[in-house]
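**Q** no sequence on hand, only this structure:
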């Protein structure tokens, strides 16, 4: 039986449809209390002054904002969102839809991994931005995708 | 007695020294609890992704941030909590007597324009101290592109 000439073409197209471009973007990993999260679905905004990086998921995400004009790759930066100093970093966590900030003195460590900015957070207490009596313990490694 | 030419020159220069270029930049007006503020020490920064309308006065100032240029599209935009990066929301924060305040649960910024310049209006809205949520203030105001 002779195959229709359209059949090989169909098989060829089908094999292409199964091809998916490999996603090589770096992941970020973090833990809030006992819950672990990871994502590489990150938005990066690099403006003239502000550099923002944040997960797109609005229920469980993190955000990092530097006001230095670049993403630093060395040094430790005080976590504080009050805009009072250019050298501070605004770091926030959203956990189960609730926003947590860190008004206590703590730091985010910046480094470079294979030329890519990475930010490390040691276990640090974050506070519900509307109720300081609610707090969560957060740690993680956050990579620019 | 004939006045010295130097004296005339001095008077002439003195009159220039009193001249000051009139500052026609629009003012912004806001109120925190019972304290009223106004300033035209305001700038609009339009970046690739973020637009910022901010006042640089010492101790008492404001900062509005939009991920997209919502300021140019008249509308009513919910204020974002400091942890939220929902692009549909607008960031708002204030310094009052040197303390930093962020929005509490809800609030809206109304954007529009007057004579081609951006004007944002904030109805009375509760803000809380970034370092102490028990400390809150009520803020309202009209914020103009200078």
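**A** That came in fine, so what should we check first? The structure displayed is predicted, hence computed values, not measured ones. Numbers count the residues shown, from 1 in each chain, chains lettered A, B, ... in the order given.

**Q** tell me where chain A has strands.
**A** A:28-32, A:35-39, A:42-46, A:51-55, A:61-66, A:76-78, A:89-95, A:98-101, A:107-113, A:116-128, A:131-143 (DSSP state E).

**Q** residue B:23 contacts residue B:40, correct?
**A** Yes: between residue B:23 and residue B:40 there is a contact under Cβ atoms under 8 Å: 6.7 Å. No exception for glycine: its C-beta is placed from N, CA and C like everyone else's.

**Q** who has more neighbours, these two?
**A** residue B:40 (14 against 8; other Cβ atoms under 10 Å in any protein chain shown).

**Q** now residue 61, nearest residue through space, not along the chain?
**A** Went with chain A since none was named. With sequence-adjacent residues excluded and distances taken as Cβ to Cβ, 6 or more residues apart in numbering or on different chains, residue A:61 is closest to residue A:55, at 3.6 Å.

**Q** actually, chain B is the one I wanted.
**A** The shortest distance from residue B:61 to any non-neighbouring residue, by Cβ to Cβ, 6+ apart, is to residue B:55 (4.1 Å).

**Q** that neighbour and residue B:95: what is the separation?
**A** Residue B:55 sits 9 Å away from residue B:95, going by Cβ to Cβ, to the nearest Å.

**Q** which neighbours do these two have in common?
**A** Common contacts of residue B:55 and residue B:95 (Cβ atoms under 8 Å, 6 or more residues apart in numbering or on different chains): B:61, B:62.

**Q** which residues does whichever residue of chain A sits closest to chain B bridge with?
**A** At 2.8 Å from chain B, residue A:99 is the closest residue in chain A, using Cβ to the nearest Cβ. When assigned by DSSP bridges, residue A:99 has beta-bridge partners residue A:94.

**Q** need the contact list for the closest residue in space to residue B:104 that isn't next to it in sequence.
**A** The shortest distance from residue B:104 to any non-neighbouring residue, by Cβ to Cβ, 6+ apart, is to residue B:126 (4.4 Å). For residue B:126, the contacting residues are B:103, B:104, B:105, B:107, B:136, B:137, B:138, B:139, by Cβ under 8 Å, 6+ apart.

**Q** all set, thanks.
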